[in-house]
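Peer 1: Give me a model of this one.
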Amino acid sequence: MLGRRALQATQHKEALRQASLVLGNSEAIGNIDRLTSYRSSYSVKYTFIAADGAIYTGESPVPNDISSGLHENDPLSIRYLPSDPNVNHPAAWQESDLAIWGRLFGPSIFVVGGLISLLSMRGDRKLVAEGTAAIATVTACNAPVGRSVWFGLTYEFSTDDGTRIEGTGRYGTSLDIGAKIVVLYLPQNPQKNCPYASAYHRAAE
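Peer 2: This is a model prediction of the structure:
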């Protein structure tokens, strides 16, 4: 859906550009019906009357350097496609293709992040429900990065059949190399493993 919207927006932009080159500009003085802002971004909704006498509507993001000069009920010059006035855009500015795609796909980052979190939670639940505990030896401990509060661990442990496995995970406190921790792993796939819960679960020396 986001892809279709982005493609349609870029096609409308090109259609308006081509029409202005071939037919000259088809513009009308519209009216700003609503000016909204979210954090540092602005958008405008407007109406205008095309040459056929019908009323059309439109909506567009507003560049930050122009937003302060716009107010509701102000006149706004609108460029539109004569053959289809539903294809229109404010004449005072134009979005780049990169901005169009970035604006539409930006929210998908949160969707992807949510899906990753859900998949991670499902994996953790499977480890808790079906995992086997093992004692692991810490081979590396890295300090938190950025705003994270978790330390990054690298560790080694042996499965019930004696296979040596190296794993990575996160931990709530710093650990010395050689420290012992409890990890959970899936017997059918020992590469799926993680430290058990948090720093509150330490292995006895």
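Peer 1: and Y80, bridged to which residues?
Peer 2: Under DSSP bridges, the beta-bridge partners of Y80 are N88.
Peer 1: Quick check: it vs P195, distance?
Peer 2: Note on Y80: its distance to P195, by Cβ to Cβ, to the nearest Å, is 60 Å. Every C-beta, even on glycine, is put in place using the N, C-alpha and C of the backbone.
Peer 1: now do G152
Peer 2: 11 Å.
Peer 1: And G131, by the same measure?
Peer 2: G131 is 11 Å from P195, by Cβ to Cβ.
Peer 1: mind showing which ranges of the protein have poor pLDDT?
Peer 2: Applying pLDDT under 70 to the chain flags the ranges 1-25, 95-125, 197-205.
Peer 1: Got the domain ranges for it?
Peer 2: 2-106, 131-195 (automatic domain parsing).
Peer 1: Including mean neighbour count, could those domains go into TSV?
Peer 2: Output for these, formatted as TSV (neighbours: other Cβ atoms under 10 Å):
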stretch	mean neighbour count
domain 2-106	15
domain 131-195	15
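Peer 1: Compute the first-to-last residue distance for stretch 41-56.
Peer 2: The stretch stretch 41-56 measures 24 Å between its terminal residues, going by Cα to Cα, to the nearest Å.
Peer 1: Would you state the helices of this structure in chain order?
Peer 2: Assigned helices in the chain, in chain order: 2-22, 64-67, 97-105, 108-130 (criterion: DSSP state H).
Peer 1: thought V149 was touching G172?
Peer 2: Yes. Look at V149 against G172 with Cβ atoms under 8 Å: they come within range, at 7.4 Å.
Peer 1: where do the contact lists of those two overlap?
Peer 2: Counting by Cβ atoms under 8 Å, 6 or more residues apart in numbering, V149 and G172 have no contacts in common.
Peer 1: circling back: residues that sit against both of G152 and P195, list them.
Peer 2: Residues touching both G152 and P195 (Cβ under 8 Å, 6+ apart) are G169, R170, Y171.
Peer 1: so how far is P195 from the first one?
Peer 2: G169 sits 4 Å away from P195, taking Cβ to Cβ as the criterion.
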